[in-house]
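[1] need a 3D model of the sequence below.
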Amino acid sequence: MADLSARGHLDDAAFAQNWVAVRSARGYGAARLRTELRARGVATALIDAALATVRDDGVDERAREIARRRLPALQRLEARTGSGARVAARLRDYLMRRGYSGGVATRVAREVTGVSAGTETDAP
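    Numbering: from 1, shown residues only. Predicted coordinates:
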């Protein structure tokens with residue numbers, strides 16, 4: 001390990017930068033990226049530095065794009081259950097699992113579905 005590190009083959013900062021660049025391009029939010037990097041043993045300071053490179057100005061648009069892709073499957077669920085609010089809540093939860101903040105997920109779910117994504121749960 002010491003030899004690899006001395007040769008520059010083990011670089012947590014470069015790993016974190018690459019991880020954030022690749023995964024954020026796939027639509028994952030900062031919260032999920034932070035959790036994934038922590039699970040891989042990357043130091044908090046390196047995670048913060050890597051996440052600082054992600055531009056926040058496109059977060060809503062990336063979340064909208066993901067929501068639009070997911071919406072048809074959820075609309076099929078709505079056709080079976082007849083609950084538009086349930087679809088919005090599921091879409092909000094999906095976005096939050098992808099790493100978007102609760103505020104962004106709620107706002108985007110409301111915009112995309114046209115229904116409030118309030119506090120309704122998935123309980124029947």
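[2] mean confidence for the longest helix belonging to the chain?
    Across the chain, the longest stretch assigned as helix under DSSP state H is helix 59-81. Here helix 59-81 scores 85 as its mean pLDDT.
[3] quick one: buried residues of that helix?
    Of all the residues in helix 59-81, those buried under the rule 16 or more other C-beta atoms under 10 Å are 59, 62-64, 66-67, 70-71, 74, 78. From N, CA and C alone the C-beta is placed, and that goes for glycine too.
[4] and stretch 87-105, by the same measure?
    For stretch 87-105, by 16+ other C-beta under 10 Å, it's 87-96, 98-100, 104-105.
[5] start and end of it, how far apart?
    End-to-end distance of stretch 87-105 (C-alpha to C-alpha, to the nearest Å): 13 Å.
[6] this protein - how does it break down into domains?
    Domain ranges of the chain: 9-54, 59-113, per automatic domain parsing.
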